[in-house]
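Q: When you get a sec, could you give me coordinates for this:
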Amino acid sequence: MANAREIQARMKSIKDTMKITSAMYMISSSKLQKAKRDLKNTEPYFYAIQDSLANILELSPETGNVYFDKREYLPPRERKQGYIVVTADKGMAGSYNHNVIKIAEREGLSDNKNMLFVVGQVGRKYFEKKNIPIDINFRYTAQNPNMNRARYIAQTVVDLFVKGELDEVYIVYTKVENSVTFNAEIRQLLPLRRSRLEEANEANNKTYTNCYFEPDIDSVFEHIVPHYVAGFVYGALVESFCSEHNARMMAMQTATDAAKDMLKSLGMEYNRARQAAITQEITEVIAGSKAQKNKSE
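A: Numbers count the residues shown, from 1 in each chain. From the prediction side, this is the model:
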């Protein structure tokens, strides 16, 4: 059994750790609420963009074919795919990073013809260690997602798709299901799906008539598409950010609860050690007293 001083040192170390985990919990909680507000405030804008694309397609079904081109003439082995993988900048978030990376690896990122774009330091370090090639110029932090970052990411992949350097673009991120559930998933960004836009248009039930497009309807559509993709990218970045801090809150809460259990156990051990030390001191005092008494006799 450890002595009382050693147990006290361990208890002090655990209490210091609890201060850190509690602080990290509060920080993640604050950032989570801010990210949720930002996403809620921007969602109406992107829904309006989606409705605009749907209505343009209703007026001119042949518009924007380049963004809907599935390039079915290409065999599967020759198709070039791009993956945007959204991870965190640091760990201590449970299985958050692992789940995203596992999906990305399952998609066969070792194929040299594919392109990998990674958001977050954890993902970059992981894929570099695995010698999986990534776009070295695509260095974005996962912290504080904003529209400027989302627009640049969207414009980058849209340009590569239009030039034919990529035939498909996917994003791997973590979606928030509810306050305690979040799941890693992969979604296709390009080529666009007409069915998704048509469903959105039917749900909204709005149509444009007698419209005039300047300079022409194709140019307007091509101008809106990157903003539509940026809206999805921004949503994925914010949801991943929310999921990261949600996961970190749960991990820190679990760590704090485990620390409390350890302190309770160590407290009982400390009391036993202290009681044993007191008993030993009493025994030594009694033995010394008896020795003195016997000596005086």
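Q: what sits up against stretch 165-174?
A: With contacts defined as Cβ atoms under 8 Å, 6 or more residues apart in numbering, stretch 165-174 is touched by 71, 74, 79-86, 96, 99-100, 103-104, 107, 115, 157, 160-161, 182-191, 232-233, 236-237, 239-240, 243-244. The C-beta positions use only the backbone N, C-alpha and C, and glycine is treated the same way.
Q: what about this protein, any weak spots by pLDDT?
A: Applying pLDDT under 70 to the chain flags residues 1-2, 64, 108-112, 136, 179, 196, 198-212, 296-297.
Q: For the residue nearest to residue 220 when sequence neighbours are not counted, give its distance to residue 56.
A: In space, residue 220 comes closest to residue 213 once its chain neighbours are excluded; the distance is 4.8 Å by Cβ to Cβ, 6 or more residues apart in numbering. Distance from residue 213 to residue 56, counting by Cβ to Cβ, to the nearest Å: 8 Å.
Q: what is in contact with the two at once?
A: By Cβ under 8 Å, 6+ apart, the residues touching both residue 213 and residue 56 are residue 220.
Q: Surely residue 170 is within a strand?
A: Yes: applying DSSP: H, G, I helix; E, B strand; the rest coil, one finds residue 170 inside a strand.
Q: burial measure for it, as a count.
A: By other Cβ atoms under 10 Å, the residues close to residue 170 number 21.
Q: same thing with residue 233?
A: 27.
Q: Next, the contact list for it, please.
A: Contacts of residue 233 (Cβ under 8 Å, 6+ apart): 84, 150, 153, 154, 171, 189.
Q: from these, which is closest to residue 39?
A: residue 150 (11.5 Å; Cβ to Cβ).
Q: so what's the residue nearest in space to the middle of the chain up against?
A: The residue lying closest to the centre of the chain (Cα atoms, centre = their mean) is residue 240, at 3.4 Å. Contact partners of residue 240, counting by Cβ under 8 Å, 6+ apart, are 86, 87, 88, 100, 119, 142, 145, 173, 174.
Q: Does the fourth one lie in a helix or a strand, and which?
A: Translated: residue 100. Under the criterion of DSSP states H and E, residue 100 resides in helix 96-106.
Q: Outside of the helix or strand that comes right after that helix itself, list whatever touches it.
A: Toward the C-terminal end, the helix or strand that comes next after helix 96-106 (DSSP H and E) is strand 115-119. Contacts to strand 115-119, defined as Cβ under 8 Å, 6+ apart, come from residues 80-87, 104, 109, 124, 127, 132-135, 138, 140-142, 153, 156-157, 160, 165-166, 237, 240.
Q: Taking the residues you listed, please make a ChimeraX selection of just the buried ones.
A: To isolate the buried members of those in ChimeraX, using 16 or more other Cβ atoms under 10 Å:
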select :80,81,82,83,84,85,86,87,104,109,124,127,132,134,138,140,142,153,156,157,160,166,237,240
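Q: now the lengthiest helix in the chain and strand 115-119, what's the angle there?
A: Longest helix of the chain, by residue count under DSSP state H: helix 217-296. Put simply, helix 217-296 runs at 50 degrees to strand 115-119, going by axes from the mean of the first three to the mean of the last three Cα atoms, to 10 degrees.
Q: Not counting its neighbours along the chain, what's nearest residue 174?
A: Nearest residue to residue 174, sequence neighbours excluded (Cβ to Cβ, 6+ apart): residue 243, at 3.8 Å.
Q: helices or strands next to the stretch of helix or strand residue 31 belongs to in the packing?
A: If you go by DSSP H and E, residue 31 is part of helix 4-59. Helices and strands touching helix 4-59, by 3 or more Cβ pairs under 8 Å, 6 or more residues apart in numbering; DSSP states H and E, are helix 194-204, helix 217-296.
Q: As TSV, the ones you listed with distance to residue 17 would be great.
A: Below are the helices and strands packed on helix 4-59 laid out as TSV (distance: least, Cβ to Cβ, whole Å):
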stretch	distance to residue 17
helix 194-204	47
helix 217-296	6
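Q: which stretch among those helices comes nearest residue 23?
A: Closest approach to residue 23 among the helices and strands packed on helix 4-59 is made by helix 217-296 (8.7 Å; Cβ to Cβ).
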